[in-house]
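Undergrad: Please work out how this folds:
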Amino acid sequence: MSIAPASAQTYEELPPDLEERAQRIYSGVMCPQCAGQTIDESNAPIAEAMRTAIKAQLRDGATDDAIVDSLVQSYGEGILASPPTRGFSLLAWLVPPLALLLGAAAVFFTIRNMRGRSVTEPAAAGDGGIVVAAPGGAPLPFDLVDRELGEDTHTAEER
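TA: Next comes the predicted model:
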């Protein structure tokens, strides 16, 4: 009977069910050395060491949550690929959808407001437009416009 060194055990393949669990954990843990990469994607030595440690813990019967909790204790919550859904980090999950909803509502109400206005409706104070309609919505007579402008700007066909 031969005794294999401990390092030989780290390179053995895991059974399919444990390998699937390991892959899930790898994709949820960030590499502490590589910016924006999980340990599943990273080739850094520390990522390899973390994968080896996770495989060993899975072989020893540790649960996924226990493994992730031990990594969080060692490296902090920044090691998680997804922010936790509690405390201040909950804002990272809530703010983007709320911002999209508020933006969509603003666009909806702006378009609805723009469609509701008619061309003959007098402009509100501060709109910066020129009102060319009488208070009842009827067009102003051309003579009045000409008199205000001090010139005859309209042809006989327009009157």
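Undergrad: okay, stretch 20-37 in CSV with CA atoms only?
TA: Taking C-alpha atoms only, stretch 20-37 is exported to CSV below (Å, rounded to 0.1, in the frame of the first residue of the first chain):
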residue,chain,number,x,y,z
GLU,A,20,-20.1,21.2,-10.7
ARG,A,21,-20.2,22.7,-7.1
ALA,A,22,-16.6,23.7,-7.4
GLN,A,23,-17.3,25.5,-10.7
ARG,A,24,-20.2,27.4,-9.1
ILE,A,25,-18.0,28.5,-6.3
TYR,A,26,-15.1,29.5,-8.7
SER,A,27,-17.4,31.7,-10.7
GLY,A,28,-18.7,33.5,-7.6
VAL,A,29,-15.3,34.3,-6.1
MET,A,30,-13.1,37.1,-7.4
CYS,A,31,-9.4,36.7,-7.8
PRO,A,32,-7.7,39.0,-5.2
GLN,A,33,-4.8,39.7,-7.5
CYS,A,34,-6.5,40.1,-10.9
ALA,A,35,-8.8,43.0,-11.6
GLY,A,36,-12.3,42.0,-12.7
GLN,A,37,-11.6,38.2,-13.0
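Undergrad: Could you pull out the buried residues of that stretch?
TA: Neighbour-count burial for stretch 20-37, counted by 16 or more other Cβ atoms under 10 Å, picks out 21, 22, 25, 26, 28, 29, 30, 31, 32. Any C-beta I mention is one placed from the backbone N, CA and C, and that applies to glycine too.
Undergrad: wait, what's in contact with the third one?
TA: Residue 25 sits next to 54, 64, 67, 68 when contact means Cβ atoms under 8 Å, 6 or more residues apart in numbering.
Undergrad: okay, now residue 96: neighbour count?
TA: Look at residue 96: counted by other Cβ atoms under 10 Å, it has 10 neighbours.
Undergrad: which among the contacts of residue 25 gets closest to residue 103?
TA: residue 68 (34.4 Å; Cβ to Cβ).
Undergrad: My read is that that closest one contacts residue 30, right?
TA: No. Using Cβ atoms under 8 Å, residue 68 makes no contact with residue 30, being 11.7 Å away.
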